[in-house]
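A.B. asks: Structure for the following, please:
(one chain, ligands or ions: 1)
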Amino acid sequence: MYLTSGDKLECCGCKACVEICPQKCISLKEDNEHFIYPVVNKTECTHCNLCEKTCPISSHIFKSSNKSEVWVGRYKSQNVIFDSSSGGAYTAIYKTLLKENYIFYGVRWSENFQVIHDIAKTEQGCENFRKSKYVLSDTNKVFSKIEGHLVNSEKVCFSGTPCQCAALLAYLNSKHIRCDNLIVVDIICHGAPNQYLFDKYISEKIGSKSNITGYIYNFKNKTPYSGKVNSRSAEMISPQGESYILDSQNDPFIKAYYGRLFYRPACGDCRFARPERVSDITIGDAWHIERDYPEWNSLAGVSLILLNSPKGKSLFDDIKKQMEVKKMNIAWAVETNAQLSKPTQMHPKREKFFSLLENNPFEVAVSKSMDGSVFRRVARRIKRFVK
Ligand SMILES: Cc1cc2nc3c(=O)[nH]c(=O)nc-3n(C[C@H](O)[C@H](O)[C@H](O)COP(=O)(O)OP(=O)(O)OC[C@H]3O[C@@H](n4cnc5c(N)ncnc54)[C@H](O)[C@@H]3O)c2cc1C
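C.D. replies: Here you go, the predicted model:
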């Protein structure tokens, strides 16, 4: 655990330690890369060790050991697929659970482009959780709110990164809360940068962060351009309705994101990038489904769904009524989706990027760390032109 070792690979920034501390003596401090880490006020600490017990890095509990049921699926409505990151599995999950009066916690954009965990009780609220936001979300003190719901016998569905799901479960375990009424959905994750990086990038892109109102930013663009859908492109829509397609050729954030340039250090040593899962249901992209099953060729996205617990499996009867589905096996899932077997390897120039960022615009820091020398850049452009 970071609090005892000081090793940044041992902190995923979930804030569970801050929420559990009975003395309220853990605060958060940003490091020079603008990632937050907990700091203990040693004079107030009573050494109860609840922070250690609640740290997902030191206490993770896996629900399945290679026994997950594996499916791929796409939602039966094209509109839903278009409004989702992959094949719309999350929509099928919340539509199923809304009928059973679940309360939802997921990740949405706040008004000024902050990525936060929040509550939703209606279909409209859940729609805000659709689409991946490629920024580490602020867990926003939701663990204690979920504890409150469960104590009141309310039903809750939480979705987040695997480390955030593990943090919630460890938090509830430390508080001895029964989890019969809790469904945990984790996304397959290859890492996330922090909010500071997105803020710096977006303010440079649109002139100033105060101009941000009315913009829409969508990390998974599904509108075809240059004749095809590029699954690694985003779309930004201005308040006047102008659409900008952003991809790794023309946009520094997208290039850095897919280039693994600026993730949190712990993402490169992720303990959850494995077939055993902490959640009831895991959702991700069914990469390469069209290679192995051409009839599943869907440019708009297909979901990979892992049912990891009896609770997850029992929900699937209703979920699959809303989706076209196909049963797969865990070996196929692991072969086609790297984050089910190993953590992301960080970009070799990650440190250079962060040191350049101190005195340079975001775009310059990305290009100087990723594009190599002027000679190599020119050579690459000529090669692209010739092609
Ligand atoms: C940072 C990040 C990295 C990812 N990396 C991979 C990957 O390497 N391989 C892969 O197969 N899939 C990855 N995904 C998952 C994938 O992009 C889709 O989110 C997932 O397949 C669900 O798609 P959907 O169509 O079912 O649902 P959607 O309707 O798109 O639902 C999105 C779900 O993701 C949650 N969510 C959105 N943003 C965040 C966030 N910042 N942090 C935590 N939860 C969030 C929402 O709460 C909601 O439950 C990643 C997602 C994120 C956010």
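
A.B. asks: any low-confidence regions in the stretch 201-350 of the chain?
C.D. replies: Applying pLDDT under 70 to the stretch 201-350 of the chain picks out residues 209.

A.B. asks: If we use 80, what do you get?
C.D. replies: Judged by pLDDT under 80, the stretch 201-350 of the chain has its weakly predicted residues at 208-211, 224-229, 298-299.

A.B. asks: Can you pull the residues of it lying near the ligand?
C.D. replies: Residues of the stretch 201-350 of the chain lying close to the ligand (CB under 6 Å from any ligand atom) are 283-285, 303, 337, 339. (Each C-beta comes from the backbone N, C-alpha and C, glycine too.)

A.B. asks: any idea which of the residues you listed has the most stuff around it?
C.D. replies: Counting neighbours by other CB atoms under 10 Å, the top entry in these is Ser303, with 26 neighbours.

A.B. asks: ranges for the strands of this structure?
C.D. replies: 26-30, 36-40, 69-75, 102-109, 115-120, 155-160, 182-187, 216-218, 233-237, 243-247, 281-285, 303-307, 323-328 (DSSP state E).

A.B. asks: Give me the contacts around the longest one.
C.D. replies: Outside of strand 102-109, the residues that reach it under the criterion CB atoms under 8 Å, 6 or more residues apart in numbering are 90, 94, 97, 115-121, 125-126, 128-129, 133, 137, 142, 145-146, 149, 154-160, 183, 217.

A.B. asks: What is the neighbour count of the residue nearest to Tyr171 when sequence neighbours are not counted?
C.D. replies: Nearest residue to Tyr171 in three dimensions, chain neighbours excluded: Phe143, at 4.4 Å (CB to CB, 6 or more residues apart in numbering). Number of residues near Phe143 (other CB under 10 Å) recorded here: 27.

A.B. asks: Need the per-residue pLDDT for Phe143.
C.D. replies: For Phe143, the model assigns a pLDDT of 98.

A.B. asks: how about the helices in the stretch 51-200 of the chain?
C.D. replies: 56-59, 78-82, 89-98, 123-127, 142-151, 162-174, 195-206 (DSSP state H, counting those that start in this stretch).

A.B. asks: Most tightly packed of those?
C.D. replies: Between the helices of the stretch 51-200 of the chain, helix 162-174 has the highest mean count of neighbours, a mean of 25, where neighbours are mean count of other CB atoms under 10 Å.
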